[in-house]
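In: Just need the structure, nothing else, for what follows:
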Amino acid sequence: MQRRHRLNRIVSAVVERGRVDVPSLATEFSVSPATIRRDLEALQQQRLVCRTHGGAMIHAAFNDLPLSYKKAQDLPEKQRISRQAVRFLDGARVIGTTGGTTVSQFIGLLRDRDDLTVVTNALNVAIDLAGSPGLRVFVAGGEVRGSSQESVGHSAEAFLAEYNIDVAFLGVDAVDAVAGCTNYDPAGARVNAVLCRRARKRIVLADATKIGRVTLAQVCRMAEVDVLITDSRAAEAELEPLRRQGCQVVRA
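Out: Sure, this is the predicted structure:
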């Protein structure tokens, strides 16, 4: 395994477990304890983890995984989700999008369209579509979160509140029948909630690793989600409670 992939998985392990130790990580990744200690030191320098005696925990400044860490994770599943998402454009003329790696995969399928206006708070989405002559792109300003490349804050919320959206495509950090769709970053969740409220139809794109999880701040309730598109790894036992909230669930 390349070091970059190992670092990605170590960060994911810290997020999921809260705390990790060197011996178990060395066994899990079939490397020496010294290699793991070097990996944890590198991650601490990036303010992703905080070293503890014999291991590491989430850094106090952590609010989300950087986009560079998330891009390669579960890529085939995100691509399948994106292809399913195109089917739900439903003749829309104006779509809204958040940031996120699954949404970015979806946006890549729209570059040749000539019939859409895209409203977003994600700088990477706007840049990706800026070279498409047939698309109109409107992007929110505000403070930019490096982890997601999304604009957040009052300016971004006020900007999105001005638009009427046919379909919103939302990337979230977690999906739970009780807690709804949630994000690590409260400021980002508030902006995404505005986009959600401005849309006539709401499509959530979330791979199976996010189903049944809860993070810090709510974006919307499941009853507000029209369609959840996830992947085939999601267990029926986790999806059925979401359906009971009135949400259509599609497994790609």
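In: Show me what stretch 29-38 is in contact with.
Out: 1, 6, 9, 10, 22, 23, 25, 26 (C-beta atoms under 8 Å, 6 or more residues apart in numbering). (Glycine included, C-beta is placed from N, CA and C.)
In: Tell me which two in those residues are the farthest apart.
Out: Using C-beta to C-beta, the two most remote members of those are 1 and 23, lying 18.0 Å apart.
In: Just give me the closest of the contacts of stretch 29-38 to residue 202.
Out: Checking these against residue 202 by C-beta to C-beta gives residue 9 as the nearest, at 31.3 Å.
In: okay, the closest residue to the closest one other than its chain neighbours: pLDDT?
Out: Spatial nearest neighbour of residue 9, chain neighbours left out: residue 29 (7.3 Å); criterion: C-beta to C-beta, 6 or more residues apart in numbering. In this model, residue 29 is scored at 92, pLDDT.
In: measure residue 29 to residue 108 for me?
Out: Between residue 29 and residue 108 the computed distance is 31 Å (C-beta to C-beta, to the nearest Å).
In: The two: which is more packed in?
Out: Higher neighbour count among residue 29 and residue 108: residue 29, with 17 against 13, using other C-beta atoms under 10 Å.
In: Which stretches in the stretch 101-250 of the chain count as helices?
Out: Under the criterion DSSP state H, counting those that start in this stretch, the stretch 101-250 of the chain contains helices at 101-107, 123-130, 154-160, 186-198, 236-243.
In: which stretch among those helices comes nearest residue 140?
Out: Nearest to residue 140, of all these, is helix 154-160, at 4.1 Å by C-beta to C-beta.
In: Show me which helix or strand of this structure is least confident by mean pLDDT.
Out: helix 67-70 (a mean of 58; mean pLDDT, DSSP states H and E).
In: Okay, buried residues for the helix or strand following that helix please.
Out: Per DSSP states H and E, the first helix or strand lying C-terminal to helix 67-70 is helix 75-86. Within helix 75-86, the residues that count as buried by 16 or more other C-beta atoms under 10 Å are 77, 78, 79, 80, 81, 82, 84, 85.
In: which residues sit against helix 75-86?
Out: Against helix 75-86 from outside (C-beta under 8 Å, 6+ apart): 101-102, 105-106, 108-110, 169, 203, 205-208, 229-233, 250, 252.
In: Strands - which of the residues you listed land there?
Out: Using DSSP state E, 169, 203, 205, 229, 230, 250 are the members of these that sit in strands.
In: Count the residues that sit near residue 128.
Out: A count of nearby residues for residue 128, using other C-beta under 10 Å, gives 18.
In: Same question for residue 3.
Out: 12.
In: same check, this time on residue 232
Out: 9.
In: List the contacts of it.
Out: Going by C-beta under 8 Å, 6+ apart, residue 232 touches 77, 80, 208, 251, 252.
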